[in-house]
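> what follows is a predicted protein model with its sequence.
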Amino acid sequence: MEINKTDIEAIEARLVEGIKAGDVGFLDKLLHDDLLCITPNGKTITKAMDLASHKSREMIVDKLTHNIENISIIGDTAVATVIYDAAGVMLGEPISGKFKYIRVWKLVDDGLKVIAASCCQID
């Protein structure tokens, strides 16, 4: 199976819906076990930490809209930059504003998975 920009646009939209719903089971399927993500405050979190924040309600999304800026396909890997307009709580801290994410998707045996991500607040 090859991946294309349409695949990434679709899975990014499903990811947003999963985050908004706090659907831990769905997020578990999309995040690679070795995921590393840098949060806006510079902390490094793992898949287990991310899922735990949703389970414990330390991650609460009141508002989340997204606009994909760019998608690059490199073999079985895609790099997406996405702007989010968000409000809620992340790791127990209130958040509000626009955030820019870079997310790396990799095609593995059981589908596309996020293997790395980083975000920063841009307003």
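Received the coordinates, thanks. Predicted, not measured: the structure shown is a model, and the values here were computed from it.

> using the three-state scheme, assign residue 51.
Following DSSP: H, G, I helix; E, B strand; the rest coil, residue 51 is assigned to helix.

> wait, what's in contact with it?
The contact partners of residue 51, by C-beta atoms under 8 Å, 6 or more residues apart in numbering, come to 24, 27-28, 31. Heads up, the C-betas are built off the backbone N, CA and C, glycines and all.

> going through those residues, which ones are buried?
24, 27, 31 (16 or more other C-beta atoms under 10 Å).

> picking that back up, can you tell me which two in the contacts of residue 51 are farthest apart?
24 and 31 (10.2 Å; C-beta to C-beta).

> from the buried ones among the contacts of residue 51, which land in helices?
Taking DSSP state H, the ones among the buried ones among the contacts of residue 51 that sit in helices are 24, 27.

> may I see the buried ones among the contacts of residue 51 organised as a markdown table, with pLDDT added?
Shown next, in a markdown table, are the buried ones among the contacts of residue 51 (pLDDT from 0 to 100):
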| residue | pLDDT |
| --- | --- |
| 24 | 96 |
| 27 | 97 |
| 31 | 98 |
